[in-house]
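# I'll drop the sequence and a predicted model, then ask my questions.
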There are 2 protein chains.
Amino acid sequence: MAFEVEQKILDDFVKNKGLKHSSQRKDILMAFLRTEKHLTAEELYSLVRKKNPAIGIATVYRTLKLFCDCGLSRELRLGSEAVRYEHLYGHEHHDHLVCLTCGDFIEVVDPEIEHLQEKLARKEGFTLQGHKLIMYGICQGCKE
Amino acid sequence: MAFEVEQKILDDFVKNKGLKHSSQRKDILMAFLRTEKHLTAEELYSLVRKKNPAIGIATVYRTLKLFCDCGLSRELRLGSEAVRYEHLYGHEHHDHLVCLTCGDFIEVVDPEIEHLQEKLARKEGFTLQGHKLIMYGICQGCKE
DNA sequence: TGTGATAATGATAACCATTTTCATTACTGT
DNA sequence: ACAGTAATGAAAATGGTTATCATTATCACA
Ligand SMILES: [Mn+2]
Ligand SMILES: [Mn+2]
Ligand SMILES: [Zn+2]
Ligand SMILES: [Zn+2]
């Protein structure tokens, strides 16, 4: 529960950019790391307020952007709703399979799909830097 | 340039739902079909105004939703910007390969990737209904 | 260990795409 | 023609996010 590595990633990034340390960012980082859920800024804000009720939503937004910049997190846009954030550091790359009925989703990855994407992009003259694959369907539970 | 088939799809949909015909919707449909670009509501609004300057942006939004409902168009969310719409009827399914530098994108499809997605979803107990694959990279032109 | 420069914060206003509201107009079946 | 109701356009509202700004906190260095 210490997350020293993640804290160091943030601290180093902050130092390299000539930024300053803040306790709010640490509170936000801890709340973010302590859950494996894919949270929106608002949801994370609610969590952090339990620890630090004085914190502002703007700081949460600013800090989530910082997490993305330093490689700790990644944005997820599943639909038209608010952006969700998930852990990036220490987590394998994966895509998402979303249930259209209950909204739940699972994380999936297929190395062959990943490889074929690379091949496809190269064929078109692109240097692939990333991708977003979201599959939509009906989950087992919702079919019953 | 007549698009009788597409017009019929819309007319039938409207009739089946007990809705009423309107000239605005026809103007919007024609402007939409006449371009192969992936337009935002605002962009389509600009086009339609040349033909019908009295039209309102709300009607464009409402009508684009209708096009999606009747299978004439499909939403595209490439990033955090406005939603874009592309033709669906009469167009093969495809995904997009977006250049992170110039913003241009090309349409691509790989049957093998499509098939593997289906297989992956089934393995997880999902009945796949659709997917969204966007690949991001640097295009040939931007590398030079 | 102070002090000045400047980054970070929180409240709030602004932003922007989209949706809703509502009074008015246009269709449509009879 | 008429009644019933869907569609429209203007404008306000919405919701997520970003910008502004006065105040506070951090930190390199004197
Ligand atoms: Mn995930
Ligand atoms: Mn396309
Ligand atoms: Zn489900
Ligand atoms: Zn390019």
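Arrived safely, thanks for sending. Ligands and ions are numbered 1, 2, ... in the order given.

# list the contacts for the residue nearest to A:Lys20 when sequence neighbours are not counted?
Closest residue in space to A:Lys20, ignoring its immediate chain neighbours: A:Val14 at 7.2 Å, by Cβ to Cβ, 6 or more residues apart in numbering or on different chains. All C-beta spots, glycine's among them, are computed from the backbone N, C-alpha and C. Residues in contact with A:Val14, defined by Cβ atoms under 8 Å, 6 or more residues apart in numbering or on different chains, are A:Lys20, A:His21, A:Arg25, A:Leu66.

# So which bits of whatever helix or strand A:Val14 lives in are buried?
Assigned by DSSP states H and E, A:Val14 belongs to helix A:4-16. Neighbour-count burial for helix A:4-16 flags A:Glu6, A:Gln7, A:Ile9, A:Leu10, A:Asp11, A:Phe13, A:Val14 (criterion: 16 or more other Cβ atoms under 10 Å in any protein chain shown).

# Which residues are in contact with the first one?
For A:Glu6, the contacting residues are A:Leu29, A:Leu33, A:Leu72, A:Tyr89, A:Gly90, taking Cβ under 8 Å, 6+ apart as the criterion.

# hmm, try it at 6 Å
The contact partners of A:Glu6, taken as Cβ atoms under 6 Å, 6 or more residues apart in numbering or on different chains, are A:Leu33, A:Leu72, A:Tyr89.

# you'd agree A:Leu64 is in a strand?
No. Under DSSP: H, G, I helix; E, B strand; the rest coil, A:Leu64 falls outside any strand and is assigned helix.

# Let's have the contacts of A:Val14 in TSV, adding distance to DNA strand C, neighbour count and secondary structure.
Putting the contacts of A:Val14 into TSV (distance: Cβ to the nearest atom of the strand, whole Å; neighbours: other Cβ atoms under 10 Å in any protein chain shown; DSSP: H, G, I helix; E, B strand; the rest coil) gives the following:
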residue	distance to DNA strand C	neighbour count	secondary structure
A:Lys20	4	8	coil
A:His21	7	10	coil
A:Arg25	4	21	helix
A:Leu66	8	19	helix
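
# of these, closest to ligand 2?
Distance to ligand 2, by Cβ to the ion, is smallest for A:Leu66 among those, at 33.7 Å.

# Model confidence score at that closest one, please.
The model reports A:Leu66 with a pLDDT of 98.

# do the same with A:Ala2
Residue-level confidence at A:Ala2 comes out at 85, pLDDT.

# Alright, I will stop here.
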